[in-house]
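Novice: Sequence first, then the predicted structure:
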Amino acid sequence: MRHAYQRIGLTGTRERSHARPARSGHRARVRGILGMLAIALAIADASASASGSIRAVLDSPNGPLEATTFRATGFDPAAPRSLVLWRFDGERYLRLAETRSASDARFDFGLQPLPLAHTDYGVTGLDESPKSSDLQAIERRLPAPVVATYDAEDDVLRVLTARAEGEIYVSDAGTGRLLARFAVDPTPGRTLAIDLATALPRIRPDAIAIEHVLPDGRRSTPEIWLLEGTNERAPD
Amino acid sequence: MEASERCGILFAAVRVLAFALSLSIGGCAGDASDGESPTIEFSNTSECIRFDGGFPSDLVLLPGDGGEAAVGQVVPTAILGLDLDREPPRLLARDTIPGFPAVPCARCGGIARVDSDSDGEADACRSDSEGFRCFSPVAGNLFAVDATRIALSTSGYEQVVFVDPRTNALLQVELDPAVASATFEPSDWPFWPAAGDRPVRTAISTRACVYDSGLSDSLGDPIGPSTSCDGTRAGFVSGFTAGVARARGRLFVATSNLLRSSQAQFAPGTLLVFDYDDTSAPPRTRPDPDRSVILLSGYNPTSVTAYRTLGGRDLLLVGLTGAIALGTGSDLVRSDASIDVIDAETLDLIATIPLGRAGLGFSELAIDSTRRIALAGAATSRALFGIDLAALDDPALGLGPETLPIVLDGSDPDYPDARLYSASDPFVLPSRADGPAPGECTTQTSVSLSRDAAWGATSDFCDGTISVLALSLPASRATSLDLDTVLRIERVQKVAAPLVAESGDRLRAIDRVLIRPGEPGIDFDGPDAYFSAGLPEGAVCGMRINALD
């Protein structure tokens, strides 16, 4: 079985659809056998859930790219019936909510939070496999890091990020030149310490841009932090 | 065919068969993007609502029947109201939640920045123009003023901002500061308007000049005049806004006054006092003109809990964590913890309950249904701390000629010893066998007690466990408490993964814990306890302790 897979920006302007790449060799054949078995199971299940093979589809959400929520509405050709909203995190399907589609084929799971990672959502009938859903990846803009504290005596910034992964890029806000990179440690540190005295031993721009970059390449808008005691430092 | 692949196929076949069986219980296995069979989280695991920002700043119940809560999302800042009658919890919001409004700010780099107090100027710009650098607000503690209004403490841009938990909309207050008097100097509140202006805003600034002679910081160094305040008097500017509580028509706001995080250097803790009149619309507020700042007995106050004695006296219990350093290790606690007791009417610091190098947790105290004990979590250890509230029953406590604050540690035979679990006698929680080694993760705990029955629950940040507590309290308040029998661990539930590398991207780093009031199965269906988690993303999860599936 394959997912029908869509990646949709919150504005709906980047909609595209692509099937997963075909698998090759004996693995694909074995998968095919397993797929047939799964189909057989699905047929057996059909007697219990006659409408189960008809996919419900989420609407393309509209809203700002910064929105932390989206309204999970859509169209269910097999309405009325009970539906489940799933989120796929790359390994597991997480059951988010249940609702019923109305006789006009519309459904509404209400407002749902929209985390930054693993934003693949799908809808199935109550007793259906989540893998039968049309997964939609809803993209969000990565929020800028937030400066939590600044120790002037130690010249240390502490910043908070929207996710505990990826890197922090520190650049010259004027020239864009990358000055330092820091890994965002996923262990319990709530803040990331940026030792400016160590990170910027020679170059001291007027202001630095602090950006969060996720492993998938998404890059936040910059947080700008003004530095005091500017000018280039003497070499050690 | 490689052996591992054969195993994979067999495993997949088993999963397909399991899939057929699982249909009867409401879910099925699916297909991961890499071709491996994924797993599905069923309702017998934690049911969570997941959101942005990691490490939620706080989690509180909203006033009412206990069916609603609010959680603080840190990046980007948002208050998410939660409907606990849904499983997993569902957002109370019905429309897309907007972020706080932002406006351009030229002096802080030219980018748009949040204007959370609705003065028309970016918070960072205002902060910089007052001499406090380009700080924007960072979400902290939550306090539910009522069911539709959350008071959110923010640091960086120091304030309490009012937010509707159903929409994340900013809510108005009218600022009505007093004129200068012998007890109130308007210039000591640099972010407040002049008397008579009465602007409508959405936040109250918690930057205030604090003066006293003989002040010293948590390292023992004397505190001299501040450049931001009256240069002729020793003092400092309050900051690092923490817990909030309400009593007697006032809001009480703790500020922990961190000076230098790398050195765990704090100025003395303070409790700011604001008149808060919500009989007008919007509510009207101002720093209390008679006593707007209460200097506390120690360092780093993080929580404020309103407590009404059985005799009807309103008190504030302020949890002073003590100076603590950031990081991991056994020596993070640098000064003693205590619980200060403030009379909400007279605004006097009437008593203090020393707890030693406890490192009190950051959430408000948990008070049992009989109002006999109050428990606190720990900021750096696998323990709970607590006090005997019977020591505060005397209606004349602190109203006599005695020197205040009275120290309720048994050192004075005229006063009771209010300590129950302190640094020298903590209530130690069990550790998880497969949890992180002590040197790998410095844990913290949070505790909640049932409002209706003699039980509670406490979370362990590093281990990902919830310990269910049974309380055994004497019928008479005159009976002293037995340290060994008051609390008992009934069981430990593994509700999240431990903070070890092997846990991968699983739910972990649990923090606040709540107990839903009422009788499970009668007053509500579904979970009777909730906890927040910080990794891999923010989450609030329900769990069943006494409730049935």
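Specialist: Perfect, thanks for sending it.
Novice: Next one: residue B:272 from residue B:253, what distance?
Specialist: Computed with CB to CB, to the nearest Å, the distance linking residue B:272 and residue B:253 is 5 Å. Backbone N, C-alpha and C define where each C-beta goes, glycine included.
Novice: hey, what's in contact with both of these two?
Specialist: Shared contacts of residue B:272 and residue B:253, defined by CB atoms under 8 Å, 6 or more residues apart in numbering or on different chains, are found at residue B:206.
Novice: In the chain, what residue spans correspond to helices?
Specialist: Picking chain A for this. A:25-46, A:196-199 (DSSP state H).
Novice: try again with chain B
Specialist: Using DSSP H, helices in chain B cover B:3-22, B:123-129.
Novice: measure residue B:325 to residue B:303 for me?
Specialist: Residue B:325 is 19 Å from residue B:303, by CB to CB.
Novice: Neighbour count for these two, which is higher?
Specialist: residue B:303 (24 against 16; other CB atoms under 10 Å in any protein chain shown).
Novice: Hmm, that one is touching residue B:319, no?
Specialist: Yes. Residue B:303 lies in contact with residue B:319 (CB atoms under 8 Å); the separation is 3.9 Å.
Novice: Enumerate every residue touching residue 85.
Specialist: No chain in the question, so chain A it is. Listed by CB under 8 Å, 6+ apart, the contact set of residue A:85 reads A:72, A:95, A:96, A:97, A:98, A:99, A:109, A:112, A:121, A:122, A:123.
Novice: Oops, wrong one, chain B.
Specialist: B:67, B:524, B:525, B:526.
Novice: Would you format these as JSON lines with pLDDT included?
Specialist: Shown next, in JSON lines, are the contacts of residue B:85 (pLDDT from 0 to 100):
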{"residue": "B:67", "pLDDT": "96"}
{"residue": "B:524", "pLDDT": "94"}
{"residue": "B:525", "pLDDT": "91"}
{"residue": "B:526", "pLDDT": "90"}
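Novice: Now the buried members of the residues you listed.
Specialist: Taking 16 or more other CB atoms under 10 Å in any protein chain shown as the criterion, what is buried in the contacts of residue B:85 is B:67, B:524, B:526.
Novice: Show the end-to-end separation of stretch A:76-92, please.
Specialist: Start and end residues of stretch A:76-92 are separated by 24 Å (CA to CA, to the nearest Å).
Novice: Can you list the buried residues in that stretch?
Specialist: When burial is assessed from 16+ other CB under 10 Å, stretch A:76-92 yields the following buried residues: A:76, A:78-79, A:81, A:83-89, A:91-92.
Novice: do the same with stretch B:299-311
Specialist: B:299, B:300, B:301, B:302, B:303, B:304, B:305, B:306, B:307, B:309.
Novice: one step back: check the contacts of residue B:85 and tell me the two furthest apart.
Specialist: Using CB to CB, the two most remote members of the contacts of residue B:85 are B:67 and B:525, lying 10.6 Å apart.
Novice: picking that back up, can you name the two of the buried residues of stretch A:76-92 that are farthest apart?
Specialist: Taking CB to CB, no two of those sit farther apart than A:79 and A:91, at 30.7 Å.
Novice: Show me what residue of the stretch 151-300 of chain B gets nearest to chain A.
Specialist: Among the residues of the stretch 151-300 of chain B, residue B:262 lies nearest to chain A; the distance is 4.8 Å by CB to the nearest CB.
Novice: Just confirm that residue contacts residue A:154, I think it does.
Specialist: Yes. Taking CB under 8 Å as the definition, residue B:262 is a contact partner of residue A:154 at 4.8 Å.
Novice: Between the two, which contacts overlap?
Specialist: By CB under 8 Å, 6+ apart, residue B:262 and residue A:154 have no common neighbours.
Novice: Show me where the chain dips below the pLDDT cut-off.
Specialist: No chain specified, so I'll use chain A. Low-confidence segments of chain A (pLDDT under 70): A:1-53, A:62-65, A:186-189, A:229-236.
Novice: ah, I was thinking of chain B
Specialist: Checking chain B against pLDDT under 70 turns up B:1-46, B:328-330, B:549.
Novice: Geometric centre of it: which residue is closest?
Specialist: In chain B, the centroid-proximal residue (CA atoms, centre = their mean) is residue B:363; its distance is 3.4 Å.
Novice: ok now do that residue, which residues does it touch?
Specialist: Contacts of residue B:363 (CB under 8 Å, 6+ apart): B:58, B:141, B:303, B:377, B:446, B:447, B:512.
Novice: again with residue B:284
Specialist: B:173, B:174, B:176, B:275, B:276, B:277.
Novice: change it to 6 Å
Specialist: Neighbouring residues of residue B:284 by CB atoms under 6 Å, 6 or more residues apart in numbering or on different chains: B:174, B:176, B:277.
Novice: Also residue B:431?
Specialist: Shown in contact with residue B:431 (CB under 6 Å, 6+ apart): residue B:382.
Novice: Okay, it and residue B:542: tell me how far apart.
Specialist: In terms of CB to CB, residue B:431 sits 25 Å off from residue B:542.
Novice: just residue B:187 next, same as before
Specialist: Applying CB to CB, one obtains 49 Å for the distance of residue B:187 from residue B:542.
Novice: higher neighbour count, these two?
Specialist: Counted by other CB under 10 Å, residue B:187 and residue B:542 do not tie: residue B:542 has more neighbours, with 25 against 11.
Novice: Skipping its backbone neighbours, what lies nearest the most centrally placed residue in chain A in space?
Specialist: With distances taken as CA atoms, centre = their mean, the residue of chain A nearest its centroid is residue A:117 (2.6 Å). Spatial nearest neighbour of residue A:117, excluding adjacent residues (CB to CB, 6 or more residues apart in numbering or on different chains): residue A:163 at 6.3 Å.
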